[in-house]
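1. Build me a model:
(one chain, ligands or ions: 3)
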Amino acid sequence: MTLIVEKYGGTSVGSVERINAVAQNVANSVKSGDRLVVVVSAMSGETNRLIGLAKEVCEQPCPREMDVLTSTGEQVTIALLSLALQQIGISACSYTGYQIPIRTDSVHGKARIEHIDADRVHADLDNGNVVVVAGFQGISEENKITTLGRGGSDTTAVAMAVALHADECRIFTDVDGVYTADPRMVMDARRLESITFEEILELSGAGAKVIQIRAVEFAGKYNVPLRVLSSFEPGPGTLITYEDKNMEQPLISGITVVENEAKITVRGVPDKPGIAYSILGPISAADINVDMIVQNIGTDGLTDFTFTINQEDLQKSMDLLEPVVKELKAETVVGDTNLAKISAVGVGMRSHAGIATAMFRALSEKGINIQMISTSEIKISVTIDKEYTELAVRTLHKAFGLEQIGANR
Ligand code: ADP
Ligand code: ASP
Ligand code: MG
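-> Ligands and ions are numbered 1, 2, ... in the order given. Model prediction:
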């Protein structure tokens, strides 16, 4: 019998009606003869609501208690979905992350899955049950509840698929696949019938939140057959392929946006060896991820050093840099949140020159100023003034002819 892991996101389980609809979807898979493990998120808005409550109690809540709090959202949905399944005659039982157990490291708020004990789930499946698992949560070595970062239920689903040796992992969400751009921002974005693992990795890393990047990393490492589908309407969705057999691949397959980054510039730093290390050392020691980095060519022995981080880490980073700036005898350090990062991703970039030029031309024709640039083998990213986000995304979508590729919506 085929073993399938299905994951349903927040909007898909956002109300009792939606939970009943998901139960029906799961029942259809069961009737077709599949064995099912279902991973669910909290109801849409619930995780944000819980974070809001904690912030009302204290400004900087302790990460351990935040995980205890935010993991409760998923506990509600596993129980409700199990009840909804039982109501339509399907045997189902729910598991929290720590009941399975899903073992993680102890980095609260962004824990990594280390091991999943699949025995209990296998036993329940053998007894004819649908097993419903809480996404986003796990338990550390010290038996502390952990969470996997926003959007982490995707990662739970893929990790469960790996641990159970499932035949396929299906990510059900509120759009019917992976698009050439966020379909909520670009009206004529197109659904991709398939996308290479490498491209989806870059797309999700560059802001396409349709699937969490860690889930993609996991799937790639263990070659999990993965598909993104709509929980609202039937359809083929988007298949993630691990080997690209399609000769006529598009040059660019997607445009993405990140709006929650902040930029820090250390101005007037004496231009000498060791600057990058002095500035970024304390940042990375505090587990803060740095994204783009630019160091200008120095004049008069002084230079400017700029990098971007998640907005949430801005205050902490500025505090960490205060003594560093004094020590380096730099002029000043400034933080800025008024920026967006726009990226174009495509494996076709490898064999075609001029993509960056085409991107810069399109932006300049609209009078959009580029602040920073970074590239990888199959991605070009720029940061711009936040005000121009939508204009930039639509402009690039058109400039690369993306409304003509992929499938109909
Ligand atoms: P879920 O709650 O099911 O996990 P998310 O909100 O995390 O869903 O992700 C789905 C959303 O991702 C869509 O509603 C869409 O607005 C957004 N999105 C951003 N970029 C893309 C893209 N390239 N293709 C599809 N959806 C995208
Ligand atoms: N509920 C969590 C979040 O809102 C995890 C998820 O939805 O994947 O981020
Ligand atoms: Mg999500």
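2. who are the neighbours in contact with the closest residue to ligand 3 within the stretch 151-300 of the chain?
-> Closest contact between the stretch 151-300 of the chain and ligand 3, by CB to the ion, is at residue 151 (4.0 Å). The way it works is simple: take the backbone N, C-alpha and C, and place the C-beta from them, glycine included. The contact partners of residue 151, by CB atoms under 8 Å, 6 or more residues apart in numbering, come to 209, 211, 212.
3. swap in residue 36?
-> With CB under 8 Å, 6+ apart, residue 36 has these contacts: 3, 4, 5, 6, 26, 29, 30, 130, 131.
4. how much space between the residue nearest the centre of the chain and ligand 2?
-> Taking CA atoms, centre = their mean, the centroid of the chain lies closest to residue 212, which sits 2.7 Å from it. Per CB to the nearest ligand atom, to the nearest Å, residue 212 is found 7 Å from ligand 2.
5. next one: phi and psi at that residue?
-> phi -70, psi 140 (degrees, to the nearest 10).
6. wouldn't it be in contact with residue 156 here?
-> No - using CB atoms under 8 Å, residue 212 is not in contact with residue 156; the gap is 9.6 Å.
7. Centroid-wise, who is the farthest residue in the chain?
-> Here the chain reaches farthest from its C-alpha mean at residue 300, the gap being 42.4 Å by CA atoms, centre = their mean.
8. who in the chain is up against ligand 1?
-> Within the chain, the residues that sit near ligand 1 (CB under 6 Å from any ligand atom) are 9-12, 41, 151, 173-175, 178-179, 181-184, 208-210, 254.
9. Just to be sure, which of those residues are found in strands?
-> If you go by DSSP state E, the residues of the chain next to ligand 1 have 173, 254 in strands.
10. Of the residues of the chain next to ligand 1, select the buried ones using a ChimeraX command.
-> Buried members of those, defined by 16 or more other CB atoms under 10 Å, are picked up in ChimeraX with:
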select :9,10,11,12,41,151,173,174,175,178,179,181,182,183,208,209,210,254
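11. check which helix or strand covers residue 333.
-> strand 332-336 (DSSP states H and E).
12. Who are the packing partners of that strand?
-> strand 261-270, helix 314-328 (3 or more CB pairs under 8 Å, 6 or more residues apart in numbering; DSSP states H and E).
13. Any figure for the gap between whatever residue of the chain ends up closest to ligand 1 and residue 323?
-> Nearest residue of the chain to ligand 1 (CB to the nearest ligand atom) works out as residue 9 at 1.8 Å. Distance, residue 9 to residue 323, by CB to CB, to the nearest Å: 42 Å.
14. same thing with residue 24?
-> 59 Å.
15. The two: which has the busier surroundings?
-> Higher neighbour count among residue 24 and residue 323: residue 24, with 13 against 10, using other CB atoms under 10 Å.
16. Ignoring the adjacent residues along the chain, who's closest to that one?
-> residue 88 (7.0 Å; CB to CB, 6 or more residues apart in numbering).
17. residues near that neighbour, how many?
-> Residue 88: 12 surrounding residues under other CB under 10 Å.
18. The residue of the chain closest to ligand 1 touches residue 172, doesn't it?
-> Yes - with contact defined as CB under 8 Å, residue 9 and residue 172 form a contacting pair (7.0 Å).
19. List the residues that are in contact with both of the two.
-> Counting by CB under 8 Å, 6+ apart, the residues touching both residue 9 and residue 172 are residue 231.
20. And the helices in the protein?
-> Applying DSSP state H to the chain gives helices spanning 16-31, 46-57, 63-70, 72-87, 119-126, 153-164, 197-205, 213-222, 275-285, 314-328, 355-365, 389-399.
21. Just say which of those helices is most tucked in.
-> helix 153-164 (a mean of 27; mean count of other CB atoms under 10 Å).
22. Report whether that helix contacts ligand 3.
-> No - Helix 153-164 stays clear of ligand 3 (CB under 5 Å from the ion), getting no nearer than 5.8 Å.
23. quick one: average pLDDT of that helix?
-> In this model, helix 153-164 has an average pLDDT of 98.
24. That one packs against which elements?
-> With contacts taken as 3+ CB pairs under 8 Å, 6+ apart, helix 153-164 sits against strand 3-8, strand 35-40, strand 113-116, helix 119-126, strand 130-134, strand 168-173, helix 213-222.
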